[in-house]
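>>> just a sequence and a predicted model for now, questions to come.
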Amino acid sequence: MRLVLIWFASWKNGDSTYPPLWVKTNPQRFPVQRRKPRSKQNSGLGDIFRGQRDLPLSPLGEASMLADARAFRALMHHIKEVDPQHTVIMIQVENEMGLLGDSRDRSPLADAAWAKPVPAELRTTSPRTRRLSCPRCKRFGAARATRLRGLGRRS
């Protein structure tokens, strides 16, 4: 038998349901995300997610990130000690981190990060240039382009 564990940590399906109550009740230390306020006429199914209490933790919270890292490190150490036969073959880290009911976090912490310029290394490297940077990827890209041209389509 082999196992794949899912490490939920701070998020599961766009919500923070697994952090303990002492984390959820300390937003000064563990900041939470904020949603954009909605007007009455702009309501709908998404309004079930519009309340401001029980919001997911912010991915920008330093204490949250450090607590997750410590807990994950402890879990990995424990698995190493109790599973010498390697029953656990993989761990999915986090699960659908996000914010239900809005497109992004609107907290002051997130707004400050949003207002910063995009880092230069992200502006100069596109997914296409990264994909074509390894020899195997170049061969795959060339083969795909040839195949698409044969079908009368552009790559």
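Sure thing, it's come through. Numbers count the residues shown, from 1 in each chain.
>>> domain ranges for the chain?
Following automatic domain parsing, one gets these domains for the chain: 3-116, 118-155.
>>> rank the ones you listed by pLDDT, which is bottom?
Lowest mean pLDDT of the domains of the chain: domain 118-155, a mean of 62.
>>> where do the strands of the protein begin and end?
3-7, 88-93 (DSSP state E).
>>> mind putting those in CSV, mean neighbour count and distance to Trp22 included?
For the C-beta atoms, the positions are set from N, CA and C on the backbone; glycine is no exception. Listed next are the strands of the chain as CSV, based on neighbours: other CB atoms under 10 Å; distance: least, CB to CB, whole Å:
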stretch, mean neighbour count, distance to Trp22
strand 3-7, 12, 20
strand 88-93, 12, 23
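>>> would you format these as JSON lines with distance to Asp105 included?
Formatted as JSON lines, these follow (distance: least, CB to CB, whole Å):
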{"stretch": "strand 3-7", "distance to Asp105": "21"}
{"stretch": "strand 88-93", "distance to Asp105": "20"}
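>>> the ones you listed: which one's closest to Ser107?
Ser107 lies closest, by CB to CB, to one member of the strands of the chain: strand 88-93, at 23.1 Å.
>>> and the contacts of the closest one?
Strand 88-93 is contacted from outside by 2-7, 9, 72, 76, 79, using CB atoms under 8 Å, 6 or more residues apart in numbering.
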